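Participant: Need coordinates for the following:
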Amino acid sequence: MNLDRFKDFEPDVRNLVLSFENPTDGHRFFDVDQLEIIADYYLEVADIEGLEAAVTFGERLYPANDEIRLRRAHLWSVTGQYNQALKLLQELEKKSPRNTDICYAIGAIYSMTEQPRKAIDYYLRAAADGYELGIIYSNVADEYYKLRLLDLSVNYYRKAIKADPNDDHSLYNLACTWDEMEQLDTAVDYYKQHVSDHPFSKWGWYCLGCVYSWHTLYEQAADAFEYAIAIDKSFYDAYLGNLGRAVQALHDALPYADDRSYVVYTIGAIFRENGNYHTAVSYYHEVIKENPSYGLAWGDIGLCCEAMGYKGDAEDHYRKAIEVEPDVDLHWLRLADFYLRDGDYRKASNLLENGRTDAADVYAFDYRLVICYHHMGRRNRMLHILRALARQFPSSMADLLDQCPELADDYDALTIINSAKQE
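Facilitator: Numbers count the residues shown, from 1 in each chain. Predicted structure coming up:
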């Protein structure tokens, strides 16, 4: 059995589900609360057979229990039996009119049956308890979009993102809605602020890249996309997709491109992200012939060299990118990360200390310095920067612990991080 299916769930959930699936004594007994957890797990992972088994089992033990009946309504909803599901939900609503789980389920039924105004009404009722507001407001925004009430749609997408800054659905749909409303200046300002507040939001960077691109600000778009990829290497397909189609389309666009270097650079990026490093380097060299100050191309050659094992050449190209574009954070961070991957914390810290003076994103430099100082044994300096980060970027402290889990072994560092996370 693949236990990865439990990676986003608490151990107690995993244990309950496995106990349900693999009884050891020939019979099983679960109370209502446990069966709710089991059924909700199957619903969340879209395991219809598992949900059917859990609901049927629950009905045998507790045939009149409303929580089990609610899960039956969920099952009918996901299998397209909308009329039966709605009838049952309305019965439950009469008994418990303020039950937000029932309200949400009714809203979902109305959404699936193309009744957006009724869906909005019930979704907003479901928001009364303040739970899962990101999902609820995102759904409300979708319904307003169906009604072509775009201002209200934007308003609720923004509410959803405020409740859940990593909500990819709302982040992207908000960008598309602003594009449709021809409000790209507003979109650029919004996503610049979003990634400033949440520097590890890959969807924030991706959406910033999109709105820059739609605004024909191609170099800024490339920078934003690079940040998204730096956060999650597998994110590449999200914006360039199929290799062959993308390369052909870009080649076809070359004769008409105002910025030929950018198009050639993008072709190189496609090959690099698909592991064809030699071909990528040939395109990047073409870019540099036309524009020797194209820092992204120099830096990308460094990435290719490093991937192919040519570390000396990689370092030289990362340094060249800084030389030609010293005001671009990405170039400094790439070289710093190169040193960090190599365990050369002295070089990394020296570079970061020099680069942070004029950095646009000081957090990106400082959290790396924390890692360096931790490994170098410069504990007082590490704690000093860590306290400053906690004051300025409290919402990013959990990400910092992911970046450097060794900090959990330092009592003072962990105290600073946990205190910031609680604010």
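Participant: now the stretch 1-150 of the chain, which segments are flagged as low pLDDT?
Facilitator: Scanning the stretch 1-150 of the chain for pLDDT under 70 picks out 1-4, 24-27.
Participant: all helices for it, in order.
Facilitator: Assigned by DSSP state H, counting those that start in this stretch, the stretch 1-150 of the chain shows helices spanning 11-21, 32-44, 48-61, 66-78, 82-95, 100-112, 116-126, 133-146, 150-163.
Participant: which helices and strands sit right next to the first one?
Facilitator: Think helix 11-21. helix 32-44, helix 48-61 (3 or more CB pairs under 8 Å, 6 or more residues apart in numbering; DSSP states H and E). Quick note: C-beta positions are derived from backbone N, CA and C, even for glycine.
Participant: Pull out the buried residues from that helix.
Facilitator: 13, 16-17, 20 (16 or more other CB atoms under 10 Å).
Participant: which one of these sits closest to A46?
Facilitator: A46 lies nearest to V17 out of these, by CB to CB, at 14.2 Å.
Participant: And the closest one, how close does it get to A53?
Facilitator: Counting by CB to CB, to the nearest Å, the separation of V17 from A53 is 11 Å.
Participant: shared neighbours of the two, anything?
Facilitator: Taking CB atoms under 8 Å, 6 or more residues apart in numbering as the criterion, V17 and A53 both touch Y42.
Participant: which parts of the helix or strand that contains Y363 are buried?
Facilitator: Element membership for Y363, per DSSP states H and E: helix 362-376. By neighbour count on 16+ other CB under 10 Å, the buried set for helix 362-376 is 362-375.
Participant: Same question for stretch 215-231.
Facilitator: For stretch 215-231, by 16+ other CB under 10 Å, it's 217-231.
Participant: With stretch 305-322 instead?
Facilitator: 305-306, 313-315, 317-322.
Participant: can you list the residues you listed in JSON lines and add pLDDT?
Facilitator: JSON lines is the format used below for the buried residues of stretch 305-322 (pLDDT from 0 to 100):
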{"residue": "C305", "pLDDT": "91"}
{"residue": "E306", "pLDDT": "92"}
{"residue": "D313", "pLDDT": "89"}
{"residue": "A314", "pLDDT": "91"}
{"residue": "E315", "pLDDT": "93"}
{"residue": "H317", "pLDDT": "95"}
{"residue": "Y318", "pLDDT": "95"}
{"residue": "R319", "pLDDT": "94"}
{"residue": "K320", "pLDDT": "96"}
{"residue": "A321", "pLDDT": "95"}
{"residue": "I322", "pLDDT": "95"}
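Participant: can I get the helices of the stretch 1-150 of the chain in CSV with distance to V328?
Facilitator: Below are the helices of the stretch 1-150 of the chain laid out as CSV (distance: least, CB to CB, whole Å):
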stretch, distance to V328
helix 11-21, 44
helix 32-44, 41
helix 48-61, 49
helix 66-78, 48
helix 82-95, 53
helix 100-112, 44
helix 116-126, 43
helix 133-146, 33
helix 150-163, 27
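Participant: re earlier: let me have the buried residues of helix 362-376 in TSV, adding pLDDT and distance to G130 as columns.
Facilitator: Formatted as TSV, the buried residues of helix 362-376 follow (pLDDT from 0 to 100; distance: CB to CB, whole Å):
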residue	pLDDT	distance to G130
V362	84	34
Y363	84	29
A364	87	33
F365	90	37
D366	88	34
Y367	86	31
R368	89	36
L369	90	38
V370	86	34
I371	87	36
C372	90	41
Y373	88	40
H374	85	38
H375	86	42
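Participant: what separates the closest residue to I161 other than its chain neighbours from Y157, distance-wise?
Facilitator: Computed as CB to CB, 6 or more residues apart in numbering, the closest residue to I161 that is not its neighbour in sequence is S170, at 5.1 Å. As judged by CB to CB, S170 and Y157 stand 5 Å apart.
Participant: what sits in contact with each of those two?
Facilitator: Joint contacts of S170 and Y157 (CB under 8 Å, 6+ apart) are 137-138, 141.
Participant: So which of the residues you listed wins on neighbours?
Facilitator: Neighbour counts for these (other CB atoms under 10 Å) peak at A141, which has 29 neighbours.
Participant: returning to that earlier point: pick the one among the buried residues of helix 362-376 closest to L407.
Facilitator: H374 (6.4 Å).
Participant: Distance check, G355 against V324.
Facilitator: Separation of G355 from V324 (CB to CB): 15 Å.
Participant: neighbours around L43, how many?
Facilitator: The number of residues packed near L43 is 19, by other CB under 10 Å.
Participant: So the residue nearest to D412 when sequence neighbours are not counted versus V370, what's the distance?
Facilitator: Of all residues not flanking D412 in the chain, L383 sits nearest, at 5.9 Å (CB to CB, 6+ apart). Going from L383 to V370 by CB to CB gives 9 Å.
Participant: How many residues are close by D8?
Facilitator: Around D8 there are 9 residues (other CB under 10 Å).
Participant: Would you mind giving both backbone torsions of it?
Facilitator: phi -100, psi 10 (degrees, to the nearest 10).
Participant: Which residues are in contact with Y318?
Facilitator: By CB under 8 Å, 6+ apart, the contact set of Y318 is 298-299, 302, 331, 334-335, 338.
Participant: Revised request: answer the last question for S19.
Facilitator: R28.
Participant: There's contact between the residue nearest to I161 and D142 in this structure, I believe.
Facilitator: No - S170 lies out of contact with D142 (CB atoms under 8 Å); the separation is 9.1 Å.
Participant: With neighbour numbers in mind, choose between the two.
Facilitator: Legend: neighbour count by other CB under 10 Å for S170 and D142, higher for S170 (28 against 21).
Participant: Run through who's touching stretch 364-384.
Facilitator: With CB under 8 Å, 6+ apart, stretch 364-384 has contacts from 199, 329, 332-333, 336-337, 340, 343, 345-346, 348-349, 352-353, 355-356, 359, 385-386, 388-389, 396, 400, 403-404, 406-407, 410, 412-413, 416.
Participant: Show me how far stretch 29-37 is from its chain's centre.
Facilitator: Put simply, stretch 29-37 sits 32 Å off its chain's centre (CA atoms, centre = their mean, to the nearest Å).
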